[in-house]
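Undergrad: Quick one: sequence plus predicted model below, questions after.
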Amino acid sequence: MFVMITKLDNLFGVLKSRPSKRLIGAYACDSHTLDAIYKAINLGIVEATIVGDTNLIEQTCKKDNLDMSKFTVVHEPVDVKAAAKAVDMINKGEGNLLMKGLLSTDKYMRAILNKENGLVPPKAVLSHVTVIENPNYHKLLVVGDVAIIPQPDFSQKVAIAKYLINTAKGLGIETPKLAVIAATEQVMEKMQACVDASILAKMGDRGQLGKVIIDGPLSFDLAVDKESVEIKGLKSPVAGDADCLLFPNIESGNVFYKTNTKFCGAELGAFVAGAKCPCVLSSRGDSVKTKLYSIALSALLAK
Amino acid sequence: MAISSLNELTDVLKQKARKFKIAVACGNDANTINALYEAADNGFATPVLIGDETKIQDIIKEQNLDGSLFNIIDEKDDLKALNLALKMVKNDEADVLMKGLIGTDKFLHAVLNKENGLMKPKAVMSYVCAVEVPKYHKLLFVTDTAVLPYPDLSQKIAMLKYSIAMAKQFGIEKPKVALIGASEKINNGFQNSNDYAVMCKMVERGQLPDCIIDGPLDIFLACDKESVAIKGVSTPVNGDADILLFPNLEACNSFYKGLMLFAGGELAGLIQGTEKPVVVMSRSESEKSKYYCVALACLMCLNK
């Protein structure tokens, strides 16, 4: 059954109606992470196994008044080893999604990227997918890459496009509309963003990226604003109604999502795509809501 | 109504009752004289043969032609004859420049000369042929059959503009352009398929002349509706292409020569990028094709 998820809050209801997924928390000993996981468990979104220092986890649970019986704990007091163990459990099929805890992003990513025991198939591209709910837009926006690939080349853009499309489909959008963002909708031969966008659009036409409608180059306003499209008289099957935005570089994507959250009252969920399972990469600065949405989104897309 | 065959092309010219003056550099050449004779006899061309008059008269006699249809300017020196022909076209004393018995190199060199040549400023020189094959339901405009070996994106764009302009002169309002490749799939490793994707988007965005364009498409998808249906490819060209733009000279040259040799094709071709039509024919072309080349040059002069 296909339910279209149009608000991030809808994620919870949809997940409850599906077989439950197990989250593996990599060194998730801190309040920030444990609180979010605990809420997710209580909402019925996921089951969880926490790999980390049992003593630390106990202390945190006591302090935050969390019932430890709600999740499984695997004792591993060293953060790097805990991350490796968590990754190992995913590889063994003991969990469906991974979440970062009280260790640096560096260490977390290294465990995922480990060539022998990691989660990334050879030649796979790791990329960051963000789903944004902006009160001023009529639907969710799936955007990338705002955090991992600085200057994606063409093949990386293809990978990003696939992750965005896959995420949109996971949200129940049967034929997502993907806008490849540039500074203008005109094809400027000297701007690689325009050239790559044209090529991606043609790949979309040819069905090489599955069931999707792609247009680009499109400037951001044309991608999401019907009025701008009308004023400009642009004919585009995507413009004004994009589900997915593919940014030409990390700066544009990063500024975009931060502007959304800081100035527009937007909420978001995010995860790392390209590994064997969705990996939550939340930072301590993220709100509990963002963490919950990120867990929910990852659970939704987990196999 | 669009002109759908090369015969119709000459009919249109016959009806116009206008004689286009054709300046021939080194006209002492039987091939050239025969092609021009038919055009003059049909009332749409006035040939001015510049070259060795004695030799020219001999050829006219040998071929048993009516000499009164030709103007002759005696100039035994090849380069001088060439420059005189060029000057006549440049000064609007003639409508078309045509190569006679002089090396193509020398001839094109003069056409390309920045000060005294015939190229439009900054224009790319290219070549477009209108090809007629019995097995296709209309004319095919094919480029580049003769000049650009490995056109880059900007050269491909020039080729596109030239072929659209020619198709429009044949009365095709919105030509269907197929950008030819070996497959319809985009492969980022192939520069041609990348260029094609960019060109399609540029047309969509109104940055290039109005046309229906798609590519990469293979010849089947470009010219055969059945193949399109069988393959299930959704393409606005839909096996009904007017224009075929090829990725390189080898492919295009082999394509048109194959049609001439094995498929009973005829053609009319013209150098592109010039201020006025310039006819450079290959000797191995059929008599008819040579006549059509002259006719095409005259058609391109209409309404200008």
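TA: Sure thing, it's come through.

Undergrad: Quick check: longest helix in chain A by residues?
TA: Identified as the longest helix of chain A according to DSSP state H is helix A:154-170.

Undergrad: Which SSE is immediately downstream of that one?
TA: Note on helix A:154-170: by DSSP states H and E, the next helix or strand toward the C-terminus is strand A:177-181.

Undergrad: any residue of that following strand up close to chain B?
TA: No. Contact of strand A:177-181 with chain B (C-beta under 8 Å from any C-beta of the partner chain) is absent, the minimum separation being 10.1 Å. No exception for glycine: its C-beta is placed from N, CA and C like everyone else's.

Undergrad: and A:Ser252, what helix or strand is that in?
TA: Secondary structure from DSSP H and E places A:Ser252 in helix A:250-263.

Undergrad: Helices of the chain, start to end?
TA: Went with chain A since none was named. A:10-16, A:31-42, A:54-64, A:79-91, A:105-113, A:154-170, A:192-205, A:220-224, A:226-232, A:250-263, A:288-301.

Undergrad: wrong chain, I was asking about chain B
TA: Here chain B has its helices, by DSSP H, at B:6-16, B:30-41, B:53-62, B:78-90, B:104-112, B:153-169, B:191-204, B:219-223, B:225-231, B:249-262, B:287-301.

Undergrad: What are the contacting residues of the last one?
TA: In other words, helix B:287-301. Residues outside helix B:287-301 that contact it (C-beta atoms under 8 Å, 6 or more residues apart in numbering or on different chains) are B:6, B:9-10, B:12-13, B:20, B:22, B:31-32, B:34-36, B:38-39, B:44-45, B:95-96, B:98, B:130, B:166, B:169-170, B:260, B:266-270, B:276-279, B:281, B:285.

Undergrad: and the angle from that helix to helix B:249-262?
TA: Relative orientation of helix B:287-301 and helix B:249-262, computed by axes from the mean of the first three to the mean of the last three C-alpha atoms, to 10 degrees: 120 degrees.

Undergrad: buried ones in helix B:287-301?
TA: Within helix B:287-301, the residues scored as buried using 16 or more other C-beta atoms under 10 Å in any protein chain shown are B:288-301.

Undergrad: Of these, just say which sits nearest to chain A.
TA: Closest approach between those and chain A, by C-beta to the nearest C-beta: B:Met300, at 28.4 Å.

Undergrad: Please identify the residues of the stretch 101-250 of chain B in proximity to chain A?
TA: So the stretch 101-250 of chain B meets chain A at B:153-154, B:184-186, B:188, B:193-194, B:196-198, B:200-202, B:204-205, B:207, B:233-234 (C-beta under 8 Å from any C-beta).

Undergrad: Buried ones from these, can you make that a PyMOL selection?
TA: Per 16+ other C-beta under 10 Å, the buried members of these correspond to this PyMOL selection:
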select buried, chain B and resi 153+184+185+186+188+193+194+196+197+198+200+201+202+204+205+233
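
Undergrad: Quick check: closest non-adjacent residue to the residue of the stretch 1-150 of chain B found nearest chain A.
TA: Residue nearest to chain A within the stretch 1-150 of chain B: B:Val124 (14.6 Å; C-beta to the nearest C-beta). Once flanking residues are discounted, B:Val124 sits nearest to B:Ala158: 3.8 Å by C-beta to C-beta, 6 or more residues apart in numbering or on different chains.

Undergrad: Does the one you found touch B:Lys122 like I think?
TA: No. With contact defined as C-beta atoms under 8 Å, B:Ala158 does not reach B:Lys122; the gap is 9.9 Å.

Undergrad: the more surrounded of the two?
TA: Ranked by neighbour count (other C-beta atoms under 10 Å in any protein chain shown), B:Ala158 and B:Lys122 place B:Ala158 first, with 22 against 7.

Undergrad: got the contact list for the more buried one?
TA: By C-beta under 8 Å, 6+ apart, the neighbours of B:Ala158 are B:123-124, B:126, B:151, B:272-273.

Undergrad: before we move on, what about B:Asp152?
TA: Per C-beta under 8 Å, 6+ apart, neighbours of B:Asp152: B:Asp195.

Undergrad: Give me the pLDDT value at it.
TA: Here the pLDDT value assigned to B:Asp152 is 97.

Undergrad: I'd like to check which residues are in contact with B:Asn7.
TA: Listed by C-beta under 8 Å, 6+ apart, B:Asn7 has no contact partners.

Undergrad: and what of B:Met166?
TA: B:128, B:130, B:141, B:270, B:300.

Undergrad: Going by distance to B:Lys80, which of the contacts of B:Ala158 wins?
TA: B:Gly273 (25.0 Å; C-beta to C-beta).

Undergrad: if we can go back for a sec, is the residue of the stretch 1-150 of chain B closest to chain A in contact with B:Leu160, as I believe?
TA: No. Judged on C-beta under 8 Å, B:Val124 makes no contact with B:Leu160 at a distance of 10.9 Å.

Undergrad: When those two are compared, which one has more neighbours?
TA: B:Leu160 (24 against 21).

Undergrad: now that one, nearest residue through space, not along the chain?
TA: Nearest to B:Leu160 is B:Leu245, by C-beta to C-beta, 6+ apart, at 6.0 Å.

Undergrad: Ok, A:Gly52 next?
TA: Closest residue in space to A:Gly52, ignoring its immediate chain neighbours: A:Cys29 at 4.2 Å, by C-beta to C-beta, 6+ apart.

Undergrad: Would you check that the one you found makes contact with A:Leu56?
TA: Yes. The pair formed by A:Cys29 and A:Leu56 meets the contact definition of C-beta under 8 Å, at 4.0 Å.
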